[in-house]
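*Asks:* Any chance you can model this:
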Amino acid sequence: MSNLVIIPTYNEKENIERMIHRVMALENNYHLLVIDDGSPDGTAVIVKEHMSTYEGKLFILERKGKLGLGTAYIAGFKWALEHNYEYIFEMDADFSHSPEDLNELYKACLNGADLAIGSRYVCGVNVVNWPMGRVLMSYFASAYVRFVTRMKIMDTTAGFKCYKNIVLKSIDLDSIKMKGYGFQIEMKFTAYKMGFKLQEVPIVFTERRVGVSKMSGGIFNEAFWGVIGMKIKSWFKSYKREVATA
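*Replies:* Modelled structure (predicted):
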């Protein structure tokens, strides 16, 4: 069964063509689903121009506007499950995540992880081209999430991941409410509470060289306050798996 890489995009014309070619060149038979939120720069057009070259391996979901990172991934997860992919990956379009590291996440899941996390902080601080203030904000945000949730995860906001499909089948995806970095935390926390094995894989994160960052203060605010609300709700919520593992 094939592996599916999900990449949300908004105005990524400078990156998406190179990213497509890099992912398609990897071993392990990766398919790629681009979820484009109505990019006015023509990102979706570039993807569709390459679909005949990579027929049956490259796909696109087009949405009518910026609906949030979390909703893009939820749409992608549902599409992946409908098409029976066994391993489902999250990845950025801007090369902050090296496509070659997909193989390391895949290997971790083959060796027993249910959710493999590409981690910037599991072996020190492996971030390139970030100002120190942003590094500290990200690092201590993860420390805050660990304190609140008790997850033993160094990089709780990481967005480079591989799920076994059993994890996504077991989670009520419509119950995931946060949209930015909070989404990444909420998905990890839900998998953790359901008893799945989370494993961090060391990566080097490199800030984008071209295109515009989608970072905003509102994203961090959602993560900060959302984590508290998520933890409180967890006291009253059942995390029983709906799908039994093999």
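
*Asks:* which residues in the chain form strands?
*Replies:* Taking DSSP state E as the test, the strands found in the chain are 3-9, 30-36, 58-62, 87-90, 115-119, 127-128, 161-164, 198-202, 205-206.

*Asks:* Any chance of those in JSON lines with distance to Phe224, mean pLDDT and mean neighbour count as columns?
*Replies:* Where you see a C-beta, it was placed from the backbone N, CA and C, and this is true even at glycine. Formatted as JSON lines, the strands of the chain follow (distance: least, CB to CB, whole Å; pLDDT from 0 to 100; neighbours: other CB atoms under 10 Å):
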{"stretch": "strand 3-9", "distance to Phe224": "22", "mean pLDDT": "97", "mean neighbour count": "25"}
{"stretch": "strand 30-36", "distance to Phe224": "26", "mean pLDDT": "98", "mean neighbour count": "24"}
{"stretch": "strand 58-62", "distance to Phe224": "30", "mean pLDDT": "98", "mean neighbour count": "17"}
{"stretch": "strand 87-90", "distance to Phe224": "21", "mean pLDDT": "98", "mean neighbour count": "25"}
{"stretch": "strand 115-119", "distance to Phe224": "20", "mean pLDDT": "97", "mean neighbour count": "25"}
{"stretch": "strand 127-128", "distance to Phe224": "20", "mean pLDDT": "74", "mean neighbour count": "14"}
{"stretch": "strand 161-164", "distance to Phe224": "21", "mean pLDDT": "98", "mean neighbour count": "26"}
{"stretch": "strand 198-202", "distance to Phe224": "22", "mean pLDDT": "96", "mean neighbour count": "19"}
{"stretch": "strand 205-206", "distance to Phe224": "21", "mean pLDDT": "84", "mean neighbour count": "20"}
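
*Asks:* Low-confidence regions, the chain specifically.
*Replies:* 1, 129-130, 208-220, 223, 242-246 (pLDDT under 70).

*Asks:* For it, which segments count as helices?
*Replies:* 16-24, 43-49, 69-82, 102-110, 132-149, 165-170, 181-193, 217-234 (DSSP state H).

*Asks:* okay, these, which one's buried deepest?
*Replies:* Among the helices of the chain, judged by mean count of other CB atoms under 10 Å, the one packed with the most neighbours on average is helix 181-193 (a mean of 23).

*Asks:* so what does that helix touch, helix or strand wise?
*Replies:* Under the contact criterion of 3 or more CB pairs under 8 Å, 6 or more residues apart in numbering; DSSP states H and E, helix 181-193 touches helix 69-82, strand 115-119, helix 132-149, strand 198-202, helix 217-234.

*Asks:* Quick one: closest of the ones you listed to Val45.
*Replies:* Closest approach to Val45 among those is made by helix 69-82 (18.3 Å; CB to CB).
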